[in-house]
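Engineer: What follows is a predicted protein model with its sequence.
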Amino acid sequence: MAQMYFEDIEVGYAIETDFAEITKDRIVIFAHLTGDVNPLHIDEEAAKNGPLGKIVSHGLLTVSVAVGQLYSHNLLSGMVLRQFDEISFYRPVFAGDSIQSRFVVVGKDAYFKNIKGKD
């Protein structure tokens, strides 16, 4: 897909991403990166005896991977994603599961359009 720019994307534009696997390695790395080392995320035995029965992804890891998937559609390069109005977790995401996401543009704000970062 060709690069899309601010002017190209209309309110109501929707996209479904490709599938991406949430691997155990991703979960463990995210746990140590964020400091959220809850045993349900990183310890097979603790997770097995926990409420879900196996290692579960962090919700924010799942969201981060979903946002990363937008790059495969050339949607975030050069743009700022500044707000999520709704994030829904319909079921747990376990190590080895694959996710697919749907994004819908509900508004546009030109405020950031011409702002450049400081050098």
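Structural biologist: Great, that's in hand.
Engineer: since we're on the nearest residue to I9 once chain neighbours are set aside, how many residues are nearby?
Structural biologist: Excluding its sequence neighbours, the residue lying closest to I9 (C-beta to C-beta, 6 or more residues apart in numbering) is V105, at 5.7 Å. Bear in mind the C-beta positions are built from the backbone N, C-alpha and C, glycine included. Neighbourhood size, V105 [other C-beta atoms under 10 Å]: 13.
Engineer: Thought D8 was touching V105, still the case?
Structural biologist: No. With contact defined as C-beta atoms under 8 Å, V105 does not count as touching D8 (10.8 Å).
Engineer: hang on, the earlier thing: quick check: phi and psi on the residue nearest to I9?
Structural biologist: Main-chain dihedrals, V105, degrees, to the nearest 10: phi -80, psi 120.
Engineer: where in the protein is pLDDT low?
Structural biologist: For the chain, residues meeting the criterion pLDDT under 70 lie at 1, 73-83, 111-119.
Engineer: again, 50 this time
Structural biologist: 117-119 (pLDDT under 50).
Engineer: Which parts of it are helices?
Structural biologist: Secondary structure of the chain (DSSP state H): helices at 24-34, 39-42, 44-48, 59-69.
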